[in-house]
Structures are given as structure tokens and as C-alpha cells.
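how does the following fold in three dimensions:
(4 chains)
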2 protein chains.
Amino acid sequence: MTPQPHHSRGSLSPSLEHYLRAIFDLQENKGYARVTDIASMLGVAKPAVSAAVKTLRSNGLVSHRVYESILLTEEGAKRAKGVSGKFSILMHFLTDVLGVEEEQAFVDACVMEHYVSGNSIDRFLDLLRFFEEPGNQEILEKFHQFRRSCESVDTCPTCSYHCDISVIDFDDMSKKIKQSKRRV
Amino acid sequence: MTPQPHHSRGSLSPSLEHYLRAIFDLQENKGYARVTDIASMLGVAKPAVSAAVKTLRSNGLVSHRVYESILLTEEGAKRAKGVSGKFSILMHFLTDVLGVEEEQAFVDACVMEHYVSGNSIDRFLDLLRFFEEPGNQEILEKFHQFRRSCESVDTCPTCSYHCDISVIDFDDMSKKIKQSKRRV
DNA sequence: TAATAATGTTAAATTTATTTAACAATGTTT
DNA sequence: AAACATTGTTAAATAAATTTAACATTATTA
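Take a look at the predicted model:
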């Protein structure tokens, strides 16, 4: 009889976070989330959902009696809302600001929402808002014109970014980070 | 005697891609990459490196005789350069444009480089260049002022983005994507 | 050159996330 | 209510990426 954590303040894996948000969105849009809905939404098999829900349940983020639909707890809803908000910010940024195709933006936002820090998301939001400021829309329009003009030039289908951007030294950076951790 | 693929055009896992780039950076900066260097750079145990190198080798991306240092093949170097370029673009974007702290930017760029599509990276690069255009630096400066003014307002340490950004419907989007796949 | 230190590998175990196959529970239809 | 369809679970297997412990190889040094 090992005591189980009934709610966790710890961080979720990207995968579990994604399940959590799917449940949130289904709950918002149809009022409830069933295993099959989640499975089809995320493109995974049902047992994967069962397993994920079990873990979320043991973390106190959903309540779920077997064979019934899944409900977010207060804590679960709070977290899901956070992820959902990140997604929206990223999606708007990618499509409205950068001009990324909607489908591509969706795929990218769906992974970034789990991997990009809250700090950076805040900055993305700042930039999004900056372009919404009165008078700044024309700057965005100017960028879109610029973008269309260089698009054909620098797009590398092989993802080989041999561009003129100054290279940042990964090795150096990782050392720097380590040192700063040591200081703490 | 199953025939092994001596080089693959397929895609690498984020983890393997990260090893590949670490090897590239070490090779660039010290001329060679040893297991211990890679392990300490990435903060993993040595057997993890051995295993990763073995896989990279079977994919024809590195050449490595046991107990000797690891060399990228031509194909390996090409791929590593691509990842490294993505990293630099992201790093510049996060620090120079968004104004994210260097350490945070490093962490974020290190995951984004593997997860964000080439399409979106191209758009990040466009925006980076837009701000470098003569006359546009002052726009960036204007943004930085704007950013500093709203920073304290919208930063949510709990990552709860209950902001005024219009919510994008994940459920709808995922259906749309599925339909478009069906069309193909 | 023998002992020691550093470096690298193998083996075994663990964790997470997934799949398929089989089964159980629930809902619907005739 | 019985048959069938849908939905959900459990069990077993797999794959990727990791760890620790033990061992092998190579390099250094006393």
C-alpha cells in the first residue's frame, strides 16, 4: 500500500500535457471527453489514452471512473488552460506575424506549446501585441511584403541553413550555462 | 547477416539530432569529438553516448572505430550544419528580437531546433532579417521599449495564459488537418 | 615497464509511450 | 430481452533513451 500522490505540482511530460489539453478542448467544445474522442483527435490507439488518463488521474489532474467520461479537476483545468493559451499565442504568432501556412503552424504550435518556456512565450505575446498596437499594423504589412520578396531566396528544402546569420557557439554556450548553474 | 543501411535519408529523432550537432560543434571547436566530451556537453552518461553514436554510425552519419574519436561523414556534417543553423537562427531571434534571457533562450533554442519545421524557421529568419534592414533597427528598438513596458503586466509565473488573445480551437484545427490529409 | 588514471564499451535494468489482440462493459436495435 | 455495435480496459510486446555497474582498452606517470 504505497501512498499515491493525489495531486502533483511537478511538471508533466509533453505527451501527458498534450492529452490534458485535448481533454480540455473536448470538454469545452462538446461538454465531455471520452477515450475514443481523445484517441481520434490525437491519432493514437485507445489503450494509449487509457494509460495516459490513468497517469493524469494519479496526478490528480482528471477524475475518471472506468467506462465513464473524463473530467478535469480544478488543477487539471488550470494547467490545461495554460497549455491551451500557449498554443493560441504560438498559433497566432506563426500565422499572423510570421505568415506560416496554417497546417504547418498547427503542427509546430502543437509541439512548441510543450517545449518552449513560459518566459519565451511571454515575449512572443509581447511581439504579437506590439504589432496589434494602433499604427503598427503597417509595420507588419511592411514585413509581409519583405517576406514575400525574400521567400524564394532563402528557403532551403534540405534544411541546410548556410545563411549569413552569425553562428552561435553551442559548445561555448553550454559551458557558460554550466558555470552559471555552479554559481547558484 | 541482415543488410544494414549505410546511410539514411530518413529523419532522425530529436535526441540523435542533438548528439549529431554536439559532435559537429566539438569537431569545429577542438578538431575532434570524444565520447566523454559529448557526454559532459549534453549532461548524459557515457553509455548513452556510445549507444547514440552506434545508431548514428549505422545511419552512415558518423564514422567511428571503437575507442577512437568520432568523425562526421559528409552526410552527417551536412545534416549537423542544418541543425546548427536552425539553432543560430532561433538563438538570435529569441535574444536579439524577443529579448529573452540568454540562458533561457539557449534552453529553448536547443529543443526548438529539433521540433520546429524548416518552413517556420525560414519565417523566423525573414523576420530577423527584416529587423536588420537599414531603417528598421529603430522599429526593433521601439518594440523593446514596448516590451519593457508590458513585461510586468502579462508575465504569468504559473504559465496560465488567460490573456486577451483570441483562442484557437485545437479540436477544429485537428479535424481540418485530418480532412486535408484525406484529400491528399 | 608496471601501476594508475582516464576513457570507452557491454550488459542489465528502468522508464515512458506506444502498439495489437483479446476481452469486458455499455448502449442500441430489432 | 437477445443480438449487435460501440466503447473501454487489460495484457503482452516493442522501441527509444536512459541509468548504473562491471569490465576493457588506452594513456600517463612514477
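
who are the contact partners of the residue nearest the centre of chain A?
The residue lying closest to the centre of chain A (Cα atoms, centre = their mean) is A:Glu113, at 1.0 Å. Taking Cβ atoms under 8 Å, 6 or more residues apart in numbering or on different chains, we find A:Glu113 in contact with A:Glu17, A:Arg21, A:Val83, A:Lys86, A:Phe87, A:Leu90. (C-beta placed from N, C-alpha, C; glycine too.)

the domain parsing of chain A - what is it?
A:14-72, A:83-148 (automatic domain parsing).

just checking: which of the contacts of A:Glu113 also lie near DNA strand C?
For DNA strand C, no contacts are drawn from those by Cβ under 7 Å from any atom of the strand.

is it possible to export the domains of chain A to a markdown table including distance to B:Ser13 and mean pLDDT?
Compiled in a markdown table, the domains of chain A are given as follows (distance: least, Cβ to Cβ, whole Å; pLDDT from 0 to 100):
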| stretch | distance to B:Ser13 | mean pLDDT |
| --- | --- | --- |
| domain A:14-72 | 14 | 95 |
| domain A:83-148 | 13 | 95 |
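
for those domains, which one sits closest to B:Ile139?
domain A:83-148 (5.8 Å; Cβ to Cβ).

in chain A, what residue comes closest to DNA strand C?
DNA strand C sits closest to A:Ser13 of chain A, with a gap of 2.9 Å, by Cβ to the nearest atom of the strand.

got the phi and psi for that residue?
phi -70, psi 160 (degrees, to the nearest 10).

how many other residues sit next to it?
11 (other Cβ atoms under 10 Å in any protein chain shown).

can you check A:Arg79 too?
Neighbours of A:Arg79 using other Cβ under 10 Å come to 25.

get me the contact residues on chain A for DNA strand D.
So far as Cβ under 7 Å from any atom of the strand goes, chain A lies against DNA strand D at A:34-37, A:46-47, A:49-51, A:53-54, A:64, A:66-67, A:69.

looking at these, state which has the most neighbours.
A:Val49 leads those on contacts (other Cβ under 10 Å) with 24 neighbours.

contact partners of the helix or strand A:Val53 falls within?
Taking DSSP states H and E as the definition, A:Val53 sits inside helix A:46-58. By Cβ under 8 Å, 6+ apart, the residues outside helix A:46-58 that reach it are A:4-6, A:15-16, A:19-20, A:23, A:35-36, A:38-39, A:42, A:62-64, A:70, A:76.

return only those of those found close to DNA strand C.
A:Ser15, A:Leu16.

buried subset of the contacts of helix A:46-58?
Buried members of these, scored by 16 or more other Cβ atoms under 10 Å in any protein chain shown, are A:Leu16, A:Tyr19, A:Leu20, A:Ile23, A:Val35, A:Ile38, A:Ala39, A:Leu42, A:Val62, A:His64, A:Ile70, A:Gly76.

how close does the third one get to B:Ser63?
What it means is A:Leu20. 43 Å (Cβ to Cβ, to the nearest Å).

same question, A:Ile177
Counting by Cβ to Cβ, the gap from A:Ile177 to B:Ser63 is 30 Å.

so stretch A:10-24, near chain B or not?
Yes - looking at stretch A:10-24 against chain B by Cβ under 8 Å from any Cβ of the partner chain, the contacts come from A:Arg21, A:Ala22.

same question, stretch A:117-134
Yes - counting by Cβ under 8 Å from any Cβ, chain B has neighbours in stretch A:117-134: A:117-130, A:133.

figure out how far that stretch is from the centre of its chain.
Here stretch A:117-134 is found 15 Å from its chain centre; the criterion is Cα atoms, centre = their mean, to the nearest Å.

can I get the CA coordinates of it in PDB?
Extracted C-alpha coordinates of stretch A:117-134, given in PDB (Å, rounded to 0.1, in the frame of the first residue of the first chain):
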ATOM      1  CA  SER A 117       9.400  28.100 -21.800                       C
ATOM      2  CA  GLY A 118       6.800  30.400 -20.300                       C
ATOM      3  CA  ASN A 119       9.400  33.200 -20.500                       C
ATOM      4  CA  SER A 120       9.800  33.000 -24.200                       C
ATOM      5  CA  ILE A 121       6.000  32.600 -24.700                       C
ATOM      6  CA  ASP A 122       5.600  35.900 -22.800                       C
ATOM      7  CA  ARG A 123       7.900  37.500 -25.300                       C
ATOM      8  CA  PHE A 124       6.100  36.000 -28.300                       C
ATOM      9  CA  LEU A 125       2.900  37.500 -26.800                       C
ATOM     10  CA  ASP A 126       4.600  40.900 -26.400                       C
ATOM     11  CA  LEU A 127       5.600  41.000 -30.100                       C
ATOM     12  CA  LEU A 128       2.100  39.900 -31.100                       C
ATOM     13  CA  ARG A 129       0.600  42.700 -29.200                       C
ATOM     14  CA  PHE A 130       3.200  45.200 -30.500                       C
ATOM     15  CA  PHE A 131       2.000  44.500 -34.000                       C
ATOM     16  CA  GLU A 132      -1.600  45.000 -32.900                       C
ATOM     17  CA  GLU A 133      -0.900  48.400 -31.500                       C
ATOM     18  CA  PRO A 134      -2.600  51.200 -33.400                       C
END
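
buried ones in that stretch?
Neighbour count says stretch A:117-134 has A:117-131 buried, by 16+ other Cβ under 10 Å.

closest to DNA strand D out of those?
A:Ser117 (18.8 Å).

and the end-to-end length of stretch A:108-122?
17 Å (Cα to Cα, to the nearest Å).

do it and DNA strand C meet?
No - using Cβ under 7 Å from any atom of the strand, stretch A:108-122 stays clear of DNA strand C, coming no nearer than 9.9 Å.

let me see the contact set for A:His18.
Taking Cβ under 8 Å, 6+ apart as the test, what A:His18 contacts is A:Leu42, A:Val83, A:Cys110, A:His114.
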